[in-house]
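# curious how this folds, go ahead:
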Amino acid sequence: MEGIKFDNLALRTLPIDPVEANYVRSVSGACFSKVKPTPVKNPKLVAYSADALKLIDVGEDALKEEKQLAQVFSGNVLLPGMDPAAHCYCGHQFGYFSGQLGDGATMYLGEVINKNNERWELQFKGAGKTPYSRTADGRKVLRSSIREFLCSEAMYYLGIPTTRAGTCVTSDDYVIRDIFYDGNAKQERCTIITRIAQTFIRFGSFEIFKTLDPMTGRRGPSLGRNDILKTLLDYVVATFYPEIESKYGSDDENKYAAFFEEVVKRTASLVAQWQCVGWCHGVLNTDNMSIVGVTIDYGPYGFMDRYDPGFICNGSDDSGRYSYKQQPPICKWNCGKLAEAIAPFLPIQRSREILTKFDEEYERVYMNKMRQKFGLIRKQLETDKELFNTFLNTMESTGADFTNSFRALSLIHLPNTKDFDQSVQLFISTILDQCCDAEEWKFVNKSSIDERTYELLKSLAGTNRALLSQFGFSPELLENENLKREKAKELANMTNESKRKDDEKAWRKFLDMYIERLKKELDEDDIEKLNSERIKIMKQNNPRMVLRNYLAQRAIEQAEQGDYSEVHKLFEELKHPYTGGDRDTIQLAKPDETTTGAEALPPTTDTTQKHATGACLKPTNYESKAPSGACRIRVT
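Next up, the predicted model:
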C-alpha cells in the first residue's frame, strides 16, 4: 500500500487552523484543523469492500495482508502522504442553527490519485478526538460502524449515489455508550471505518460564515470572512464541477448560479431515488447534505418494511421532521439554507428562482424510475401518477411490504400473453402474503401514549401550545395519535381471515387499474418479447432484497460475540440486490419468528422489552418479508 499516491489539494487550497494542539474549541478563519488518529489496541479487520478499496489502488495482494490492513485502517499506522485533518462546518439541526459542529469523530486522511487519474478523498470515522468533538470522545462502536459499512456499500450496489466504505476495523479498546439515553450504559468496542468519496464537503461547510441566528443566538465561527467563502466556492466548483468552471471562468455570479443549480438538481435526484427504494436517512440536517449530491453520514437510517409514508427511522425524531414523506421537502429546505450561506456571492433572489427547479427535477427522476419499476416502458401517460399513488395507498391500507410488493409486480405478465391469467393469480397470492397479519396491524396502529398522558396533551393543545411543544408534540402529532386511537377501535374485532379478505379486495381493485394501463403498452410487436423485456427492466429496478434493520441487527449481534461471518454473508447478498437468489415467488419468514436484540425498542414504555436480547432472527432467506417483531426495532 506504500505505492498509493496522495495529492492533498484541499489542504493546499483551503485555510488551515494555525493552532496545532488538539483540544475542543471554536475554530475561526479555517476550514481544517490538523489532527492525529488515536491508536487502538489489537485492531481486527471485521470486513472490507474490495470494490471500494480499488478506488484508492488497494489491490488483491494488499487485501491478503489483513494485519497490515487493520493497522493502517485503524489509524495505528499512517501511510506516506497521509495528512490527517478535521473539517470545520456548521449546520441546521432539526431546523435550528447549531453553530460550529465539524468533524467530531471523523478525519480527512488525504486525497488519492488512482491509476485511472481519479481523485478520491479518504477519511476515517471513529479514530479519536478532534477540536470539533465537543463533549464526545471521537469514537464509534461496532454496531454503528457495521451499519454504516453495510449501508454505504448496499446503496452503491443499488445504484444510488453514495460515499463508499472501504474497511471496518474493531479493537480491544472500549467506550461507554447509553444506546437509548435511559441510564443503561454498556461497554462497546471502539471501531473505525474507512470512508471514500469525491469529497466530504457539505452544505454546512458554507455555514461557518453565518451571521447571528435570531432563534438560537449562534453564529458561524468565521463570520465576516467572505474571502474564505469565495476561496471555498472556487475550490468546490473548479475541483468537482470542472465543466462549470470551464464554461464560466471569471464570470463569478453566473458560475455560482450554475453550480447552485447543479447542486439543487443532484439533491432532488438523490432524494427521488431514496423514495423509490423506501429508504430513510433519519438525520437530514444541513451538515449531512453532500455538496456533490451523494448520500453521506449513515446513522439511524432505515429501509421501510411495511409501507408507511409517515415512517420514522430515527428513534430520536419525535416530531417526525425527517420521516419518509418529509424527505423531499426537507432536502429542498436544506438547499434553501445553502442559498442563504452563499448569498454574498449569489444574490438570494436569483438562487430562490433556481430553487424552484428542485420540484421539477424530483418529479422527473421519480416518475421515470417508477415507470421502470412498473414496467411501463413504451408510453408516458399523465394518468401514471394516479396508478402509482393507488399502488402506494393500497400498500399502506393493507400493511404490505414495500420492497417485496414492488418486486411482486414483475410477476404480472402483459395481457394477451400465454401465461397472463396464471401470472395474475400468482401475483394475488404473493401480494397477500406480503401484507401484515391482523395482530401486527393492530400493533402498528396502537397508540404509544397512555390514556392519562393523552388527555393531558389534548388539554395543552387547547390552552398552551408552547408547553406542548416542549414535550416534543405538535397539534399535528396529537391529531395522528387521535387517528390511531380511532383506528384501533375499528380493528378490535379484526381476524386474519377478515383482513386477508379485505386485502384481496383492495389489491384486485388496484390490479384492474394496472391491467388497463398495461393494455396501453401493447402494439403490433411480438407481445411475448415485449413482456420479457419489461420484466427484465422491472427486476433491474425493483430489488429482491435491501438492508432491512432486522438483518443488520442479526449480523451485529453475532459480530459483538466475535463472529463476523454473518456480516460477510449479508455483505455478499447486498452486492447483488437485483439478481442472485432470484425466484418467481417470494419466500417468507415463518410467522412465529420474532425479533429481539440489543437495539430492539418497541414503541411502548415497557423497559423489559426495550432491553431484550436473545437469539438472532433467522429468516428463510434474505428476501423474506420482515417478521412481525421487526417493527419493534428502533435505532437512535
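# tell me which element Ser33 falls in.
Following DSSP states H and E, the helix or strand that holds Ser33 is strand 32-34.
# for this protein, what's the longest helix?
In the chain, ranked by residue count with DSSP state H as the criterion, the top helix is helix 252-277.
# other SSEs contacting that helix?
Packing contacts for helix 252-277, counted by 3 or more Cβ pairs under 8 Å, 6 or more residues apart in numbering; DSSP states H and E, involve helix 226-240, helix 242-248, helix 327-341, helix 348-355, helix 357-374. Yep, even glycine has a C-beta here, placed from its N, CA and C like the rest.
# what bits of the stretch 151-300 of the chain have low per-residue confidence?
For the stretch 151-300 of the chain, not a single residue meets the criterion pLDDT under 70.
# can you give me the strands for this protein?
Taking DSSP state E as the criterion, the chain contains strands spanning 32-34, 44-48, 85-87, 90-93, 96-100, 106-113, 119-125, 140-141, 164-177, 186-197, 279-280, 302-303.
# returning to what we had before: which of the helices and strands packed on helix 252-277 sits most buried?
Each of the helices and strands packed on helix 252-277 was assessed for mean neighbour count using mean count of other Cβ atoms under 10 Å. The highest is helix 327-341, with a mean of 20.
# quick check: angle from that one to helix 348-355?
Calculated by axes from the mean of the first three to the mean of the last three Cα atoms, to 10 degrees, helix 327-341 forms an angle of 150 degrees with helix 348-355.
# please name every helix or strand in contact with helix 327-341.
Helix 327-341 sits against helix 252-277, helix 348-355, helix 357-374, with contacts defined as 3+ Cβ pairs under 8 Å, 6+ apart.
# thought Leu478 was touching Lys458?
Yes: Leu478 sits in contact with Lys458 when judged by Cβ atoms under 8 Å, with a separation of 6.7 Å.
# residue contacts, Ser33?
Taking Cβ atoms under 8 Å, 6 or more residues apart in numbering, we find Ser33 in contact with 16-17, 19, 22, 27, 85-86, 88, 130-132.
# could you give the number of residues near Thr383?
Thr383 is flanked by 11 other residues according to other Cβ atoms under 10 Å.
# sorry, that was for Trp279
Trp279 is surrounded by 27 other residues when neighbours are defined as other Cβ under 10 Å.
# what about Cys90, neighbour count?
29.
# can you check the pLDDT for it?
In this model, Cys90 is scored at 99, pLDDT.
# so it versus Met107, what's the distance?
Distance from Cys90 to Met107, counting by Cβ to Cβ, to the nearest Å: 19 Å.
# tell me if I'm right that Ser397 and Lys505 touch.
No: counting by Cβ under 8 Å, Ser397 stays clear of Lys505, with 10.5 Å between them.
# neighbour count for these two, which is higher?
A side-by-side neighbour count of Ser397 and Lys505, using other Cβ under 10 Å, places Ser397 first with 14 against 10.
# need the contact list for the closest residue to the more buried one other than its chain neighbours.
Take Ser397 and drop its neighbours on the chain: the residue closest to it by Cβ to Cβ, 6 or more residues apart in numbering is Ala506, 5.9 Å away. Applying Cβ under 8 Å, 6+ apart, we find Ala506 in contact with 394, 397-398.
# wait, Glu573 sits on Ser624?
No: counting by Cβ under 8 Å, Glu573 sits too far from Ser624 to count as a contact (11.7 Å).
# circling back: what do Leu478 and Lys458 both touch?
Any residue near both Leu478 and Lys458 by Cβ under 8 Å, 6+ apart counts here, and not one turns up.
# returning to that earlier point: is it possible to export the helices and strands packed on helix 252-277 to CSV including distance to Pro43?
Supplementary listing: the helices and strands packed on helix 252-277 in CSV, determined by distance: least, Cβ to Cβ, whole Å:
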stretch, distance to Pro43
helix 226-240, 32
helix 242-248, 38
helix 327-341, 36
helix 348-355, 45
helix 357-374, 41
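# got the phi and psi for Pro300?
Reported as degrees, to the nearest 10, the phi and psi values for Pro300 are phi -90, psi 50.
# for it, list the residues it contacts.
Pro300 sits next to 282-283, 313-317, 635-636 when contact means Cβ under 8 Å, 6+ apart.
# one more: Asn416?
When contacts are counted by Cβ under 8 Å, 6+ apart, Asn416 touches 522, 527.
# quick revisit: and Ser447, which of the helices and strands packed on helix 252-277 is closest to it?
Between Ser447 and the helices and strands packed on helix 252-277, the shortest separation by Cβ to Cβ is 25.0 Å, and it involves helix 327-341.
# and the closest one with strand 96-100, angle?
Between helix 327-341 and strand 96-100, the angle formed by their directions is 50 degrees, by the same axes, to 10 degrees.
# put the alpha carbons of helix 327-341 into PDB.
What follows is the C-alpha trace of helix 327-341 in PDB, where atoms were taken according to Å, rounded to 0.1, in the frame of the first residue of the first chain:
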ATOM      1  CA  GLN A 327     -37.600  13.900   2.900                       C
ATOM      2  CA  PRO A 328     -38.200  15.700  -0.400                       C
ATOM      3  CA  PRO A 329     -39.400  19.000   1.100                       C
ATOM      4  CA  ILE A 330     -36.600  18.900   3.800                       C
ATOM      5  CA  CYS A 331     -33.900  18.400   1.100                       C
ATOM      6  CA  LYS A 332     -35.400  21.400  -0.700                       C
ATOM      7  CA  TRP A 333     -35.400  23.400   2.500                       C
ATOM      8  CA  ASN A 334     -31.700  22.500   3.100                       C
ATOM      9  CA  CYS A 335     -30.900  23.700  -0.400                       C
ATOM     10  CA  GLY A 336     -32.500  27.000   0.600                       C
ATOM     11  CA  LYS A 337     -30.200  27.200   3.600                       C
ATOM     12  CA  LEU A 338     -27.200  26.600   1.200                       C
ATOM     13  CA  ALA A 339     -28.500  29.500  -0.900                       C
ATOM     14  CA  GLU A 340     -28.500  31.700   2.200                       C
ATOM     15  CA  ALA A 341     -25.000  30.700   3.000                       C
END
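# quick one: that helix to helix 226-240, angle?
Our comparison of helix 327-341 with helix 226-240, counting by the same axes, to 10 degrees, yields an angle of 130 degrees.
# quick one: buried residues of stretch 90-104?
For stretch 90-104, burial by neighbour count (16 or more other Cβ atoms under 10 Å) applies to 90-93, 97-104.
# returning to that earlier point: and the buried ones among the contacts of Pro300, selectable in ChimeraX?
In ChimeraX syntax, the buried subset of the contacts of Pro300 is picked out as below (16+ other Cβ under 10 Å):
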select :282,283,313,314,315,316,317,635
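# can you pull the contacts of the residue most central in space within the chain?
Among the residues of the chain, the smallest C-alpha distance to the mean C-alpha position (Cα atoms, centre = their mean) belongs to His281, namely 3.4 Å. Taking Cβ under 8 Å, 6+ apart as the contact definition, His281 lies against 274, 288, 295, 301, 313, 322, 327.
# 6 Å instead?
Residues touching His281, when contacts are defined by Cβ atoms under 6 Å, 6 or more residues apart in numbering, comprise Tyr301.
# where does it fall, phi/psi-wise?
Backbone geometry at His281, expressed as degrees, to the nearest 10, gives phi -80, psi -50.
# now it: how far from Tyr174?
Computed with Cβ to Cβ, the distance linking His281 and Tyr174 is 29 Å.
# quick check: Tyr564 touching Val46?
Yes: when contacts are counted by Cβ atoms under 6 Å, Tyr564 is listed as touching Val46 (5.3 Å).
# give me the low-pLDDT residue ranges for the stretch 451-600 of the chain?
470, 472, 581-600.
# that one: helices as residue ranges?
Residue ranges of the helices in the stretch 451-600 of the chain, as given by DSSP state H, counting those that start in this stretch, are 451-463, 465-470, 475-491, 496-519, 527-541, 549-559, 565-574.
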